[in-house]
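Q: model this:
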Amino acid sequence: MSAGRLEIRIGGTGGQGLILCAKMLADALAAGGKRVAQSQSYEPTSRGGFCNADLVVADGEVDFPLVTAIDHLVLLDRLAVKPSWPLLKSGALVIADSRLCPDLPEGQYRAQRLPLSATALELGSERVTNIVALGALIAYSDLCDCARIEQAVRAETPRGYLDLNMDALKAGFSLGRRAANEMPAEVSSA
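A: Predicted coordinates:
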């Protein structure tokens, strides 16, 4: 990650564990010496409405805690596209779930469509799509060390779900590495 400010949004719907996912990422980044501000917004419905979790990351003080130009966008549902797109920085990385967010608007960004929810379903629970996405983001973007995110996931996961979450994280790492090594990001342009 380069010096300065980096903005990350994980967008989807309520009930997908986006806020927990962002907290895990914030903890891992902070353990690596970064300063992190975390915020979220969501519709008043508890499940199914738009939700996003944002991180602003800096080497020094975070001068403004809200996203204004997203560098990395993870989309777990098509509902997150419309509210996120106006904030997308030119050249940003967009990782989208190929099943729940198959179509993306035109724009100047690098797109990776990955089978995030399909991978979670193969593991036995769509509820770990957020953790698969987290692993894919880390492996593809190299935001932080994989060991730090593993530690953060272990710390935040209830004991009964630890094996499933660790399997989901490893599956996400695999998707992200494969995407980084084999499939160049599609560059979309307006």
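Q: C-alpha only now, for contacts and for neighbours.
A: Will do.
Q: which SS state does residue 103 fall under?
A: The three-state assignment at residue 103 reads coil, by DSSP: H, G, I helix; E, B strand; the rest coil.
Q: Return the residues in contact with it.
A: By Cα atoms under 8 Å, 6 or more residues apart in numbering, the contact set of residue 103 is residue 78.
Q: For it, give its distance to residue 166.
A: Per Cα to Cα, to the nearest Å, residue 103 is found 29 Å from residue 166.
Q: would residue 67 count as being in a strand?
A: No - applying three-state DSSP, one finds residue 67 to be coil, outside a strand.
Q: State the three-state secondary structure for the residue lying closest to it once chain neighbours are set aside.
A: Counting by Cα to Cα, 6 or more residues apart in numbering, residue 67 lies nearest to residue 7, which is 6.0 Å off, once chain neighbours are set aside. Taking three-state DSSP as the rule, one finds residue 7 in the strand state.
Q: Tell me how many other residues crowd residue 7.
A: 24 (other Cα atoms under 10 Å).
Q: mind listing what it touches?
A: 54, 55, 56, 57, 67, 68, 69, 70, 71, 72 are the contacts of residue 7 under Cα under 8 Å, 6+ apart.
Q: swap in residue 123?
A: 164, 167, 168.
Q: tell me what the helix or strand harbouring the last one is packed against?
A: Read it as residue 168. Counting by DSSP states H and E, the element that carries residue 168 is helix 162-182. Judged by 3 or more Cα pairs under 8 Å, 6 or more residues apart in numbering; DSSP states H and E, the packing partners of helix 162-182 are helix 116-123, helix 129-141, helix 146-156.
Q: run the last query once more with 10 Å
A: If you count contacts as 3 or more Cα pairs under 10 Å, 6 or more residues apart in numbering; DSSP states H and E, helix 162-182 packs onto strand 109-114, helix 116-123, helix 129-141, helix 146-156.
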